[in-house]
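*Asks:* Everything below, folded, please.
(chains A, B and C)
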Amino acid sequence: MPAPPRPSRAFFTRRTLVVARALLGCRLVHSDRDGTRVSGWIIETEAYIGPEDEGCHAHSGYTQRNANLWGPPGHAYVYFTYGMHWMFNIVTERAGFPAAVLIRALLPSEGVERMRRRRGGGRPDLTGGPAKICQALRIDRRLNGADLCLPSAEIWLERGRPFPPSTVTTGPRVGLNNVPEPWKTIPWRFRLDPRELPAPRGIPWARDP
DNA sequence: AGGACGATTAACT
DNA sequence: GTTAATCGTCCTG
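*Replies:* Numbering: from 1, shown residues only, chains lettered A, B, ... in the order given. This is a model prediction of the structure:
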């Protein structure tokens, strides 16, 4: 089996809303140190677009923390928040224009046994939130700025098949509690119906929210 | 040097 | 529905 094609630089060098929609159904893959793949299909994304977007970190200006937002497309923007959580974004558009797509949810695919977290109890939801994704795929500041297009990348994407518009829903972005309108409710969140994707084997609870 | 706050999560009532 | 956890980052002084 040849490796599935990876999105090219040009894939990310487009309008952020286009990229956010196109990322749905792609597989996000992390290679552990021993080469084991830990991955999931992207089912939820959010767009953060430019300095005018008051929900976007770029709105408060360039800092060391958010520098990668202004960087070249196809690189990771990883940041730390709430004193304990990492967030994984992919930079879009042209270098010099700050924009990115936040990866909000995955459907677990490979290496699920490595996604288990210390704190268990009940039925674990391993990749149903942006911080859970980072914990499951071991994403932290080491990967801030990583180029997802490099053949030698530790984390990368693999293209999925296209999905009809009827399988995708949109809505307001999550967690922008102190952000004014229209940015607070502008429908820049995208979700793919997980039933469009292969069923995870051996983890029947994986589809549950 | 100190304080406010966050693109969240889990565990509560 | 509410709230504690927990600390890097940014801003003020």
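
*Asks:* Now the closest residue in space to A:Asp140 that isn't next to it in sequence: phi and psi?
*Replies:* Leaving aside its sequence neighbours, A:Asp140 sits nearest to A:Trp86 (C-beta to C-beta, 6 or more residues apart in numbering; 5.1 Å). Bear in mind the C-beta positions are built from the backbone N, C-alpha and C, glycine included. Torsion angles at A:Trp86 (phi, psi; degrees, to the nearest 10) stand at phi -100, psi 150.

*Asks:* got it, and A:Ile90?
*Replies:* Residue torsions, per degrees, to the nearest 10, at A:Ile90 are phi -120, psi 130.

*Asks:* okay, it: pLDDT?
*Replies:* Per-residue confidence (pLDDT) for A:Ile90: 98.

*Asks:* Could you do A:Ala3 as well?
*Replies:* Listed pLDDT for A:Ala3 reads 81.

*Asks:* Wait, it touches A:Glu158, no?
*Replies:* Yes. Judged on C-beta atoms under 8 Å, A:Ala3 makes contact with A:Glu158 at a distance of 7.5 Å.

*Asks:* quick one: which of these two has more around it?
*Replies:* Using other C-beta atoms under 10 Å as the criterion, A:Ala3 and A:Glu158 rank with A:Glu158 on top: 17 against 9.

*Asks:* any idea how far the more buried one lies from A:Ala95?
*Replies:* Using C-beta to C-beta, to the nearest Å, A:Glu158 is found at 24 Å from A:Ala95.

*Asks:* got a list of what the residue nearest to A:Asp140 touches?
*Replies:* Neighbouring residues of A:Trp86 by C-beta atoms under 8 Å, 6 or more residues apart in numbering: A:78-80, A:131, A:134-135, A:139-141.

*Asks:* mind running it again at 6 Å?
*Replies:* Residues in contact with A:Trp86, defined by C-beta atoms under 6 Å, 6 or more residues apart in numbering, are A:78, A:80, A:134, A:139-140.

*Asks:* Let me know the closest of those residues to DNA strand B.
*Replies:* A:Phe80 (6.8 Å; C-beta to the nearest atom of the strand).

*Asks:* Just give me the residue right at the centre of chain A.
*Replies:* A:Ile103 (2.0 Å; C-alpha atoms, centre = their mean).

*Asks:* Next one: the closest residue to it other than its chain neighbours relative to A:Ala99, how far apart?
*Replies:* In this structure, A:Ile103 finds its nearest non-sequential neighbour in A:Phe88, 5.2 Å apart by C-beta to C-beta, 6+ apart. Separation of A:Phe88 from A:Ala99 (C-beta to C-beta): 15 Å.

*Asks:* Ok, A:Thr92 next?
*Replies:* Where A:Ala99 is concerned, A:Thr92 sits at a distance of 5 Å (C-beta to C-beta).

*Asks:* Same question for A:Ser109.
*Replies:* Counting by C-beta to C-beta, the separation of A:Ser109 from A:Ala99 is 27 Å.

*Asks:* These two - which one has more neighbours?
*Replies:* A:Ala99 (26 against 21).

*Asks:* just checking, that one touches A:Glu93?
*Replies:* Yes. Contact criterion C-beta atoms under 6 Å: A:Ala99 and A:Glu93 qualify, at 4.7 Å.
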